[in-house]
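In: What shape does this take:
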Amino acid sequence: MRSIKCLFVIFFTIISISTFAQTKADKLFSEGINLQKTMTMSSQEAAIKKFSAAKIIYNVSDKKQNCVKQIAVCKKNINKLKADKKPQKQKKNKENQVQKNKEISNDIYENEVIVIEKPVVVEKRVVTLGARPGSLLFKWNPKGKTQTIEVNCNYNDWVIVEQPQWVHTSITYDRRGIIVEADVNQSKMPRYGTIKVRCGDLIATIIVEQKKGKRLK
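Out: Okay, the predicted model is just below:
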C-alpha cells in the first residue's frame with residue numbers, strides 16, 4: 001500500500017514539473033512574440049533567444065516547430081534591417097562628400113597673385129590658368145584711366161564669368177589680358193568686388209577695390 005502511495009506521489013510530481021515547464025515555455029514564447037514586433041536588430045536577436053529557449057523546454061512537436069518558424073521570421077527581419085541600413089550609410093557618405101566639396105569651393109584666395117594650377121581634365125585636356133595681379137585698386141574718380149590684368153592660360157577659350165556692375169572689362173586682341181575700367185564712385189563708402197575668369201573647371205579670381213567717393217568739383 002505504501003509503495004502505491006509513493007508511486008502516486010512520484011507520478012503527480014512529474015506531472016507538476018512538466019506542467020510548470022510547459023507554462024514557462026509558453027511565457028518565453030509570448031515574450032519572443034512581443035520582442036519580434038519591434039523592428040530593430042537587437043529586439044529580433046532577443047526574440048530568437050526566447051524562441052530557442054522555449055523550443056528546448058516544449059515537449060510537443062507542434063510547439064517546437066512553431067518556435068522554429070518564428071526564429072526563421074526573426075532572421076528574415078534581421079536581413080531586411082541590414083538591407084535597409086546599407087542605403088542609409090551610402091546616402092550619409094554621399095552627403096559628407098557633398099559637404100566636403102562645398103568647403104573646398106569656399107576657399108578664400110589670398111596674396112597678390114591668385115593662381116589655380118592644379119590640372120583638371122576637361123574634355124580630355126589639361127588646363128592651367130593664372131591671373132596677375134591678384135587685386136586692383138581704383139581711385140574714387142579714375143578719370144577714364146584703365147588697369148590691365150595679365151591672363152596666363154594654355155587655351156584661348158577662357159571667359160569672364162563675373163564682375164561688379166561698376167566695372168567695365170574688355171579682353172585684349174591677343175587674349176592675354178583684360179582691360180578694366182571703373183565708374184566714378186559717388187557714394188561715401190568704398191566698394192569691393194571680384195572679377196572671375198574661367199577656363200574649363202578652373203577659375204582665377206581678382207579682387208577689385210575702389211576708394212570712397214568725394215564731392216565732384
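
In: Strands along this protein, start to end?
Out: 114-116, 129-132, 135-138, 146-153, 159-162, 167-171, 177-182, 191-199, 202-210 (DSSP state E).

In: Need the ones you listed in JSON lines (columns: mean neighbour count, mean pLDDT and distance to residue 80).
Out: (C-beta placed from N, C-alpha, C; glycine too.) Shown next, in JSON lines, are these (neighbours: other C-beta atoms under 10 Å; pLDDT from 0 to 100; distance: least, C-beta to C-beta, whole Å):
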{"stretch": "strand 114-116", "mean neighbour count": "19", "mean pLDDT": "55", "distance to residue 80": "48"}
{"stretch": "strand 129-132", "mean neighbour count": "20", "mean pLDDT": "95", "distance to residue 80": "51"}
{"stretch": "strand 135-138", "mean neighbour count": "18", "mean pLDDT": "96", "distance to residue 80": "59"}
{"stretch": "strand 146-153", "mean neighbour count": "17", "mean pLDDT": "96", "distance to residue 80": "55"}
{"stretch": "strand 159-162", "mean neighbour count": "12", "mean pLDDT": "96", "distance to residue 80": "49"}
{"stretch": "strand 167-171", "mean neighbour count": "15", "mean pLDDT": "96", "distance to residue 80": "60"}
{"stretch": "strand 177-182", "mean neighbour count": "19", "mean pLDDT": "96", "distance to residue 80": "60"}
{"stretch": "strand 191-199", "mean neighbour count": "18", "mean pLDDT": "96", "distance to residue 80": "48"}
{"stretch": "strand 202-210", "mean neighbour count": "20", "mean pLDDT": "96", "distance to residue 80": "47"}
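
In: and the ones you listed as JSON lines, adding distance to residue 83?
Out: JSON lines is the format used below for these (distance: least, C-beta to C-beta, whole Å):
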{"stretch": "strand 114-116", "distance to residue 83": "43"}
{"stretch": "strand 129-132", "distance to residue 83": "46"}
{"stretch": "strand 135-138", "distance to residue 83": "55"}
{"stretch": "strand 146-153", "distance to residue 83": "50"}
{"stretch": "strand 159-162", "distance to residue 83": "45"}
{"stretch": "strand 167-171", "distance to residue 83": "56"}
{"stretch": "strand 177-182", "distance to residue 83": "56"}
{"stretch": "strand 191-199", "distance to residue 83": "44"}
{"stretch": "strand 202-210", "distance to residue 83": "42"}
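
In: among those, which is nearest residue 99?
Out: Closest to residue 99 of the strands of the chain is strand 202-210 (C-beta to C-beta; 20.3 Å).

In: How about residue 129: what's its closest non-neighbour residue?
Out: residue 202 (4.3 Å; C-beta to C-beta, 6 or more residues apart in numbering).

In: if I look at that neighbour, how far off is residue 44?
Out: From residue 202 across to residue 44, the span is 53 Å (C-beta to C-beta, to the nearest Å).

In: Return the distance of stretch 168-176 from the chain's centre.
Out: Relative to the mean C-alpha coordinate of its chain, stretch 168-176 is positioned 41 Å out (C-alpha atoms, centre = their mean, to the nearest Å).

In: ok, now stretch 190-200?
Out: 29 Å.

In: residue ranges with poor pLDDT in this structure?
Out: Counting by pLDDT under 70, the chain shows low-confidence ranges at 1-20, 88-89, 91, 98, 101-124, 215-217.
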